[in-house]
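> Compute the structure for the input listed below.
(chains A, B and C)
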Amino acid sequence: MNLTLRVWRQRNRETEGRFETYEMKDVSPDMSFLEMLDVLNINLIKKGEEPVAFDHDCREGICGSCGMMINGRAHGPGHRAATCELRMRRFEDGEVITVEPWRAASFPIIKDLVVDRSAFDRIMEAGGYVSAKTGGVPDGNAILIPKPIAEEAMDAASCIGCGACVAACPNSSAMLFVAAKVSQLALLPQGQPERKSRALRMVEQMDKEGFGNCSNNYACEAECPKQISVSHIARLNREFLKAKIL
Amino acid sequence: MNSLVSLYSSSIGKKIVMALTGLFLCLFLVEHLAGNLLLFANDNGHLYEEYSRILVSNPIIRAIEIVLFLSLAAHAVSGLVLWVQNRRARPQKYREFRLDENTELAARITMLGGSIVFLFLVIHLSSFFFPLRVTGTQMTAYELVREKFSNPWFSVFYVFALVILGYHLKHGFQSAFQTFGLVHKRYRRLLDVVAFFFWFVIPAGFASIPVYFYFFVRVSTSPLV
Amino acid sequence: MKLDAKIPDGPIEQKWSNHRFHLRLVNPANKRKYTIIVVGTGLAGASAAASLAELGYNVLVFSYHESPRRAHSIAAQGGINAPKNYSNDGDSIRRLFYDTVKGGDYRSREANVYRLAEVSGSIIDQCVAQGVPFARDYAGYLDNRSFGGAQVARTFYARGQTGQQLLLGAYSALCRQIDAGRVKFFPRREMMDVVVIDGQARGIVARNMVNGILEPYAADAVVLATGGYGNVFYLSTNAKASNATAIWRAHKKGAFFANPCFTQIHPTCIPQSGQYQSKLTLMSESLRNDGRIWVPKKRGDTRRPEDIPENERDYYLERLYPSFGNLVPRDVASRRAKEMCDQGYGVGPTKLAVYLDFSDAIKRLGRSVIEERYGNLFDMYHEITAEDPYKTPMRIYPAVHYTMGGLWVDYNLMTTVPGLYVIGEANFSDHGANRLGASALMQGLADGYFILPYTIGDYLASETFNPVKTDHAEFKKAEQETERGIKKLMSIDGKKTVDEFHRDLGAIMWDQVGMARSKSGLKKALQLIPALKEQFWKNVRVTGSDLDLNIELEKAGRVADYFELGELIARDALHREESCGGHFREEYQTPEGEAKRNDARFSYVAAWEYRGARKGEVLNKEPLKFEVVKPSQRSYK
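Below is the predicted model of the structure:
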């Protein structure tokens, strides 16, 4: 298949970016979207141009590195998985594909499609953990956890931190990301001692990073490659409110 | 006090204010509609006048009225602050952004709808509340309603605004429960039913008033009393 | 040089506890005066950094990723072993130890393996305490499954995302220490060199990948936790950025490289579909529990698999191994698939695949059972290949998956450079010639949480450290050398891209140094690789600037190291004239085509020492003694 790509190019954080148009010939429908970009990059290098920079690593949808806005959809249209899992057969021959980086004030662009998501790390550092020191913990079976609780915690824990929730949100809100961690640890008995301070601190950090506010549009859930439910956002709200007023 | 300020300064805090005030305004709508349905009593406004008199003379109701205005103000101001913050959170827009593919219309137009509803409230209050309660008028409340809705443009605007209100509530009502964290799979159906009452039945009830007055009650009809 | 593994005396059960008692301790008040550098934030790196910081050390953590959570440990699916015996099926530390030594084909250190088995139970407890949502049964207890052909159910898991959950647990422990100010994390930094001063590892030079600036960092000890080197084969199940640069540069600074030829090939990966392919996707080994592997009996048969009648199919694993059938170990299944394809029986567009057929299982158990067991894997396969495995057999092919070899470390996990420690997949320590399923996560976390924090203290307490600043001549030298390498890469301005060179190297490695190796093939590789390397240094094209984020430059540096490492792998494979575990030499097999070990000659760790550009690599041997588990020949007939 033949395609036209409209790709955002930006040299670094300080410079202005712009869209560049590239024609792609003989794209195999079996290629992944990132492999298609690999081919584009080889063509660019051969012409002496700089390749398109994008974050990627495991290429099997678990590391959370990749992520781009493809035709106005986080991780691309028509599937609920990471960009690396998107196959070219999802596109039509002759299609024009617009590729943009995640856009949010809290995710400044580093280069082309690479953005700085360290705000997520700083949120995690603000209490996204259980303060269990190495050693000195009870046997794994000492505290029982009902299966449905463990499963729900696992649903939340499956977040890969890709940032699609922020990218897809009309407000660039990070609520789904924060909720996934707060919810996971609020569900588990191990998370109880720090339950309140965790909710308060993580939300405070989230606000400090300049993410927008949740307006319950649920675009995040729709685009989350791990299908994390907005019910975790409800739990975060509850946890936060309880911690604040009780 | 300090903790309230810090609550409000957080993103979730402002959302909670939105939800609280929104739900309070929703409750008011129930009362307001219930009262207004007296307009349909075929007694040339007699019952309605009686109802209005009780409302005005009751100090508790007057106090609630103040809370109501404060709620409205808090809802509007918080909404505006959130909107400004949300715009700042994405200074550079996407060239292509297909929210239409993954969100509901009602959710997408909340701010726009809220603004239209606010404009509507300004017109609504200046048409009825201020003449009746502040500046004073010769007409009874019923006569005023009858006169205003004899204007087709005015009536059409009302119906349009109420459709928008419906959309606003369609998103807002559910949203409030999400913000309080009061959503659970088990009660989702129940909540849907209650929400339907708020976003459809109530605005439809209000919208029936201009329709009724425009088509079925003529200004030219001379009062019977 | 005589290698001293520092294995403690005494019976195997008491070695570790005795050793711990004898390790010197750093006074708690003094710990904050020591700075430790940890490179890499996978299971090993993150767990070590967090644990060291908890003890009170100053820790500097480096990663070429933007966040510690992106490390490739995250992609491990299956689970983590621990002999908790929760299943009451007779498991014990001794049994896990025995299985691991045997599975490693008697090329690992008994003492290390025993310690690994011994501490593995604590890992589970630690992870549970961190909030890792392991699978539970209906009573709320931890669930176990049997994995990778183990005869006991000792594998703990969190759906198919165990690696992710364990990494996020270690990452959260690390976050806590960053929050407390005891760890400083440096993202998007690639370690370019280890700095050795007065015989001690005293720091690193890292490249800031965003602005290209070389940054020196000084410390009292350096820990490398930078993972395996499977990407030397270009196509592997490793993440794209996984690389050998850190360990390779450390090797060139004096750390011996042990058993580089021990690489593991995983039999059930989705085959390559075209030249453009960037990596291979692994599918869980569990598929072989119900799937039947076959090829057409006729060479080059182009019929659709559904149209090939039963009597024209060769279920070769069932034919060759009547008792184990499709469940033979990874290395055997992989090698047989390659043989079939080499002989012209391969299927699919590239003819480099065999069928994994579920039609019998679906007939026997019903579609719903298969869906329940493998639904997500089938969906993944469908998405990648556009073929429905419920209707047509899957096509699978082996792929490089894990490297048992790595930098040589003693019992304390220290390399031959004092103060330089290596943990996780980056060291060679515990898996011998072949790693068992669900053991990689175990080893990474054992090293990081429960071994290194003790042993590194002993080093710090017993050495004297002269204050070292980053303006020391050795730092300057390392920076200049790195700079020179970068400038050289930028200046070549040739015609071929880095990826093309990498692909060519991968092809040589796969064909000659892959699943089945021969003297002639390895000799050929030892000619082809240097020739390609020469080409690379004359004709590679790296665009852009070295003072910007430059993905080509990053790759170029790594590929440059792969040429040298690839050559060493081939040399190691050539010298090891036996077949064992993941290393199969065609000349050394039984009449039935099974691996033939040569314990008399090769029961040792081959530790390669780099003696400079002129002298090259020199072989050192650490003899292996088996006092508890007596070596025997594996048989799966």
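
> Now B:E49. Nearest residue, chain neighbours left out?
With sequence-adjacent residues excluded and distances taken as CB to CB, 6 or more residues apart in numbering or on different chains, B:E49 is closest to B:T140, at 5.7 Å. For glycine as for every other residue, the C-beta is placed from the backbone atoms N, C-alpha and C.

> now C:G514: how far from A:G78?
Per CB to CB, to the nearest Å, C:G514 is found 37 Å from A:G78.

> sorry, back to before: what is the burial count for the residue nearest to B:E49?
17 (other CB atoms under 10 Å in any protein chain shown).

> Touching, C:G346 and C:M340? I think so.
Yes - under the criterion of CB atoms under 8 Å, C:G346 makes contact with C:M340 at 6.6 Å.

> got the phi/psi numbers for C:P322?
phi -60, psi -30 (degrees, to the nearest 10).

> which ones are touching the one residue in chain A that gets nearest to chain B?
Residue of chain A nearest chain B, by CB to the nearest CB: A:R238 (2.7 Å). For A:R238, the contacting residues are B:180-182, by CB atoms under 8 Å, 6 or more residues apart in numbering or on different chains.

> Recalculate using a threshold of 6 Å.
Contact analysis of A:R238 by CB atoms under 6 Å, 6 or more residues apart in numbering or on different chains lists B:G181.

> The one 5 residues further on too?
With contact taken as CB under 6 Å, 6+ apart, A:A243 is in contact with A:196, A:199-200.

> on that earlier part again, pick out whichever of C:G514 and A:G78 has more residues nearby.
C:G514 (23 against 13).

> Model confidence for that one, exactly?
We have a pLDDT of 94 for C:G514.

> From C:K33, how far off is it?
Plainly put, C:G514 is 49 Å away from C:K33 if you go by CB to CB.

> Check C:A573 too.
According to CB to CB, C:A573 stands 45 Å off from C:K33.

> Kindly tell me how buried the residue nearest to C:G56 when sequence neighbours are not counted is, as a neighbour count.
Once flanking residues are discounted, C:G56 sits nearest to C:K31: 3.5 Å by CB to CB, 6+ apart. Applying other CB under 10 Å, we find 20 residues neighbouring C:K31.

> Quick one: residues contacting C:K31.
C:55-57.

> Could I have the buried ones of those residues as ChimeraX selection syntax?
To isolate the buried members of these in ChimeraX, using 16 or more other CB atoms under 10 Å in any protein chain shown:
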select /C:55,56,57
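
> which one of the contacts of C:K31 is nearest chain A?
C:L55 (8.6 Å).

> and the closest one, what does it touch?
Counting by CB under 6 Å, 6+ apart, C:L55 touches C:31, C:453.

> now stretch A:152-172: how far from the chain's centre is it?
Centroid displacement of stretch A:152-172 relative to its chain, using CA atoms, centre = their mean, to the nearest Å, is 6 Å.

> Does it reach chain B?
Yes - remark: stretch A:152-172 sits within contact range of chain B at A:170-172, by CB under 6 Å from any CB of the partner chain.

> Up against chain A, what does the stretch 51-200 of chain C have?
Counting by CB under 6 Å from any CB, the residues of the stretch 51-200 of chain C close to chain A are C:51, C:54, C:67, C:69-70, C:74-75, C:124-126, C:128-131, C:133, C:136, C:138, C:140-142, C:164, C:172, C:175-176, C:178-179.

> Filter those residues down to the ones in helices?
The subset of these located in helices under the criterion DSSP state H comprises C:51, C:54, C:124-126, C:128-130, C:164, C:172, C:175-176, C:178-179.

> which of these lies closest to B:A74?
Closest approach to B:A74 among those (CB to CB): C:D179, at 35.0 Å.

> Quick one: distance of stretch B:47-66 to the chain centre.
Relative to the mean C-alpha coordinate of its chain, stretch B:47-66 is positioned 19 Å out (CA atoms, centre = their mean).

> scratch that, stretch C:409-427
When distances are taken as CA atoms, centre = their mean, stretch C:409-427 is centred 15 Å away from the chain's centroid.

> Going by neighbour count, list what's buried in that stretch.
By neighbour count on 16+ other CB under 10 Å, the buried set for stretch C:409-427 is C:409-417, C:419-427.

> residues making contact with it?
With contact meaning CB under 6 Å, 6+ apart, stretch C:409-427 is reached by C:5-7, C:44, C:48, C:196, C:199-201, C:221-228, C:247, C:254-256, C:406-407, C:429, C:444, C:447-448, C:452, C:455.

> So for that stretch, mean pLDDT?
98.

> Stretch C:573-583: which residues count as buried?
C:573-574, C:576, C:578-583.

> Among those residues, which pair sits farthest apart?
Maximum pairwise distance among those (CB to CB): 16.8 Å, between C:L574 and C:G581.
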